[in-house]
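S.K.: What follows is a protein structure lacking sequence information:
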């Protein structure tokens with residue numbers, strides 16, 4: 001079996017080579033060379049949309065596209081044939097994304113952005129010191145007792161929720177169906193508005209789909225208390241950025257942190273850069289897919305043996 005692996009990550013597939021498979025490294029920002037368009041497996045990581053579209057059009061022998069990204073939206077949008085199985089990298093990024101989400105949550109709740117600005121100005125911020133010390137505002141600066149709502153309660157949330165709970169937060173998940181996951185209560189969309197009204201921290205880990213486009217809109221933002229903060233480590237397409245900016249400018253949202261935006265890299269003239277009380281990181285939460293070779297190997301073995309594929313999303 002010929003397997004194409006991207007030049008953006010090192011994968012130890014030596015035992016596949018030893019078993020007779022042909023493992024070929026390809027460039028993710030160029031068309032797949034004609035001599036390798038007969039490959040049956042395409043592994044994807046940080047590919048350009050042009051590369052994926054070309055592969056979808058030219059690689060007629062493909063049986064499996066394995067993306068290492070947790071969200072398969074770019075692969076699904078490329079136009080691969082219906083008979084090509086597409087599998088995601090769900091679970092590969094759970095640890096790193098959970099860590100970055102926690103960092104952004106703490107930075108936003110504790111308002112480290114304000115303290116960094118004070119540091120740049122060589123200013124000892126006495127006003128901040130006073131604000132976070134008085135009884136009336138103490139609850140704003142801590143996760144102890146805070147009501148944290150995780151919107152999109154999958155495997156990443158399963159890693160993040162216990163970390164938040166360990167700091168004293170009361171975690172509620174939101175997903176397509178209600179119940180209990182990873183030991184935490186999860187509500188469905190019909191109960192979401194009621195949960196929002198008492199939410200201190202809203203964390204989005206939503207995937208990019210037709211149903212989640214601009215999911216964080218003006219209605220959702222107006223349902224949150226003005227003292228709430230919002231953190232997005234999911235996909236930029238899920239946020240109505242104009243509505244978010246307006247909420248921050250009008251003081252209807254205390255603060256926000258975004259690791260993802262609709263346009264990436266974020267253009268220098270984007271209004272997000274100058275929005276008040278907003279922390280931006282350049283889509284760095286999940287850049288270390290852990291266990292990639294194991295997942296790739298497992299799915300290639302399953303494909304060969306006609307067994308169910310792990311994380312199958314299409315095909």
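M.R.: Ah, there it is. The structure displayed is predicted, hence computed values, not measured ones.

S.K.: The protein: strands as residue ranges?
M.R.: Per DSSP state E, the chain has strands spanning 2-6, 22-26, 41-44, 64-67, 85-87, 147-151, 170-174, 179-181, 184-187, 201-204, 229-232, 255-258, 278-280, 312-314. These are given in chain order.

S.K.: Return the set of buried residues in the fifth one.
M.R.: Applying a neighbour-count criterion of 16 or more other CB atoms under 10 Å, one finds 85, 86, 87 buried in strand 85-87. The way it works is simple: take the backbone N, C-alpha and C, and place the C-beta from them, glycine included.

S.K.: I'd like these as TSV, with pLDDT appended.
M.R.: Formatted as TSV, the entries for those read as follows, by pLDDT from 0 to 100:
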residue	pLDDT
85	98
86	98
87	98
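
S.K.: and which of these is nearest residue 214?
M.R.: The shortest approach to residue 214 among those belongs to residue 86, at 24.5 Å (CB to CB).

S.K.: excluding its backbone neighbours, what's nearest that closest one?
M.R.: Computed as CB to CB, 6 or more residues apart in numbering, the closest residue to residue 86 that is not its neighbour in sequence is residue 314, at 4.2 Å.

S.K.: what about the closest residue to residue 15 other than its chain neighbours, neighbour count?
M.R.: The shortest distance from residue 15 to any residue that is not its chain neighbour, by CB to CB, 6+ apart, is 7.5 Å, and that residue is residue 297. A count of neighbours around residue 297, defined by other CB atoms under 10 Å, yields 16.

S.K.: residues contacting residue 297?
M.R.: By CB atoms under 8 Å, 6 or more residues apart in numbering, the contact list for residue 297 reads 13, 15, 16.

S.K.: before we move on, the earlier item: who wins for proximity to residue 238 among the strands of the chain?
M.R.: By CB to CB (comparing all of those), the closest turns out to be strand 201-204, at 6.1 Å.

S.K.: what helices or strands is that closest one leaning on?
M.R.: Contacting strand 201-204 under the criterion 3 or more CB pairs under 8 Å, 6 or more residues apart in numbering; DSSP states H and E are the following elements: helix 94-109, strand 147-151, strand 229-232.

S.K.: okay, the residue nearest to residue 83 when sequence neighbours are not counted: pLDDT?
M.R.: Counting by CB to CB, 6+ apart, residue 83 lies nearest to residue 315, which is 6.5 Å off, once chain neighbours are set aside. Among the per-residue scores, residue 315 holds a pLDDT of 92.

S.K.: I'd guessed residue 315 sits against residue 76; true?
M.R.: No: taking contacts as CB atoms under 8 Å, residue 315 lies outside contact range of residue 76: 10.1 Å.

S.K.: Quickly list what's touching both of those two.
M.R.: Jointly contacting residue 315 and residue 76 under the rule CB under 8 Å, 6+ apart are residue 86.

S.K.: And the residue nearest the centre of this structure?
M.R.: In the chain, the centroid-proximal residue (CA atoms, centre = their mean) is residue 234; its distance is 2.9 Å.

S.K.: May I have the phi/psi pair for that one?
M.R.: Phi and psi for residue 234, reported as degrees, to the nearest 10, are phi -90, psi -100.

S.K.: That one contacts residue 283, correct?
M.R.: No: using CB under 8 Å, residue 234 makes no contact with residue 283, being 11.0 Å away.

S.K.: Buried residues, stretch 71-83. List them.
M.R.: Neighbour-count burial for stretch 71-83, counted by 16+ other CB under 10 Å, picks out 71, 72, 73, 74, 75, 76, 78, 80.

S.K.: scratch that, stretch 278-290 is what I was asking about
M.R.: Neighbour counts using 16+ other CB under 10 Å place 278, 279, 280, 283, 285, 286, 289 of stretch 278-290 among the buried residues.

S.K.: what about that stretch, average pLDDT?
M.R.: For stretch 278-290, the mean pLDDT works out to 94.

S.K.: Stretch 160-176 now?
M.R.: Throughout stretch 160-176, pLDDT has a mean value of 98.

S.K.: Need the residues that contact that stretch.
M.R.: For stretch 160-176, the surrounding residues in contact (CB under 8 Å, 6+ apart) are 97-98, 101-102, 105, 142-154, 157, 181-189, 192, 195, 201, 203, 205.
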